[in-house]
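> need coordinates for the below:
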Amino acid sequence: LALLLFSNASLLGRLLGDGRDVDEGINVDARGASSPRGLVFGVIGFFFLDFSIQAIQGPLRALLTDIVPQHQHAQGNAYFALMVGAGNLLGSWLGSLDLERALHIPLAWRIDDTQILFALAAIILCITVALCVTFSVERPHIIALPAPPRTPMTRANGVENGSSSMNAPHDEEKEDGSSEMGVLELLRNAPRPFWSVFTVQAFSWYGFFTIFVYASVWVGRNVFLGESSALADSASRDLYADGVRLGNVGLSISAAVTIVYATQLPWLINRLGVRAMFLVSLLVQAASLCSCLFIRGSPPQTQPSKGLKAATLISLGSLGVSWASTMTIPWSMIGESVQRVYPSRAGLFTTLFNMSQSGPQLLVSFGSPLILRITHDVSAVMFSGGLMALIGAAMVILLRVGDPSVLYDERVSTTETSST
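Have a look, this model is predicted:
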């Protein structure tokens, strides 16, 4: 529903009266016509789209943590990254095509590539969610009632009253001492590695959200020197469209890199260590995003040079290393650290960790307009994302993220605290 609402916002706005200034003969281009109703539909659709992404990804991570044995968490998260990369590859590749022409859509239907792409995404999403719900077997979490007071030792049918056999589930449930904790109390008592990885992930995802929002705009404006607000069929508008297509090609390369790198990441972690690989991914992300400030066309070019196009594709494609890592390494670390302290609540912690990815989106949403107002350059926003990734890399060192000794010390100190 959110995908269809967002992609058809302009159409719904026109049905409710948007664009009348064009119909009444006012000198306004159709693309620049007033569309307040379409904007409302677009904002609502984007809100529910973002909500659905978070609502789906959180339980998926929790299912992985709950169902997959602990020694296979790294491999499971690597497969998760592989499938995310495959989805990104498919979506980016389809976004680089002229779907109207490829699918022979009649012009009378007035359906554009965005509407087709989002409709296909909605169909695929429904199918994959149905498969996950059908084939994932989950045991309900049942909180046992407090044990009844023990009665004097009497026998009935050969069994002592007050026997502890009825309390076995209760004892097992309270083994880690977390069954009576609320969410806020669990967060306050979360192991130190949870918050360390949470902090680094937040800095990293600020950078990723600058890519999600501005990557295609950056290629269209800065590399191709096109303009999205230009008149339809104008040279500037066509340049911008060509830039968006090249941006989608770059994102497709990034997705392909994600697929390949995700399959090798468990082996690299075993050889070089999780901390080193996490640090490498953040440095690659920082370099890629910071380079966007310097990769740009210059007037009076009519088309960017082959070297400029290659630099653009390399900058976007290298992000596949960081994307595969952020889909694998942080989740494996928090799953391992939490299961050592609160094994029965690992799924809940995994869901809460998702806030480290959704929170930075608000910072990008509120901060990027200020940066654009000052610089009038989308590459400056992406450069700020690179700086955030660089800070995240520094945090890996300062907070000793991924250091086995930190994980072990935290496990001991927390257990001793809970036991006392």
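
> give the burial count for Ala256, as a bare number.
Other residues near Ala256 come to 18 when the count uses other CB atoms under 10 Å. Heads up, the C-betas are built off the backbone N, CA and C, glycines and all.

> wait, what's in contact with it?
Applying CB atoms under 8 Å, 6 or more residues apart in numbering to Ala256 gives the contacts 85, 89, 317, 320.

> any chance of these in TSV, with secondary structure too?
Formatted as TSV, the contacts of Ala256 follow (DSSP: H, G, I helix; E, B strand; the rest coil):
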residue	secondary structure
Gly85	helix
Leu89	helix
Gly317	helix
Gly320	helix
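
> name the helix or strand for the closest residue to Leu390 other than its chain neighbours, please.
Leaving aside its sequence neighbours, Leu390 sits nearest to Ala286 (CB to CB, 6 or more residues apart in numbering; 4.1 Å). Element membership for Ala286 (DSSP states H and E) is helix 274-291.

> who touches that helix?
200, 204, 207-208, 210-211, 265, 268-269, 311, 315-316, 318-319, 321-322, 324-326, 329-330, 332-333, 382-383, 385-387, 389-390, 392-393, 396-397, 400-403.

> what's the PyMOL syntax to select whichever of these are buried?
The PyMOL command for the buried members of the contacts of helix 274-291 (criterion: 16 or more other CB atoms under 10 Å) is given here:
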select buried, resi 200+204+207+208+210+211+265+269+311+315+316+318+319+321+322+324+325+326+329+330+332+333+382+383+385+386+389+390+392+393+396+400+401+402+403
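
> pLDDT weak spots in the stretch 151-300 of the chain?
For the stretch 151-300 of the chain, the stretches with pLDDT under 70 are 151-183, 232.

> one step back: out of the contacts of Ala256, who has the most neighbours?
Gly320 (27 neighbours).

> show me what contacts it?
Counting by CB under 8 Å, 6+ apart, Gly320 makes contact with 85, 253-261.

> now it: how far from Pro191?
Distance, Gly320 to Pro191, by CB to CB, to the nearest Å: 31 Å.

> repeat for Gly45
According to CB to CB, Gly45 and Pro191 sit 38 Å apart.

> check Thr326 too.
For Thr326 relative to Pro191 (CB to CB), the value is 20 Å.

> now do Pro69
Distance of Pro69 to Pro191, given as CB to CB: 20 Å.

> on that earlier part again, from the contacts of Gly320, which two are the most distant?
Greatest spatial distance in those: Ile253 and Tyr261, 12.0 Å, computed using CB to CB.

> tell me which of these two has more neighbours.
Tyr261 (22 against 19).

> and Leu265, which helix or strand is it part of?
helix 235-272.

> ok, now Ala190?
In this assignment (DSSP H and E), Ala190 forms part of neither any helix nor any strand.

> what sits against it?
338, 349.

> for it, phi and psi?
phi -60, psi 150 (degrees, to the nearest 10).

> do you know how far it is from Ser322?
Distance of Ala190 to Ser322, given as CB to CB: 25 Å.

> not counting its neighbours along the chain, what's nearest the one residue sitting closest to the centre of the chain?
Taking CA atoms, centre = their mean, the centroid of the chain lies closest to Gln357, which sits 6.3 Å from it. Residue nearest to Gln357 in three dimensions, not counting chain neighbours: Trp205, with 4.7 Å by CB to CB, 6+ apart.

> do I have it right that that neighbour meets Thr326?
Yes: shown here, Trp205 and Thr326 form a contact pair, counting by CB atoms under 8 Å, at 7.4 Å.
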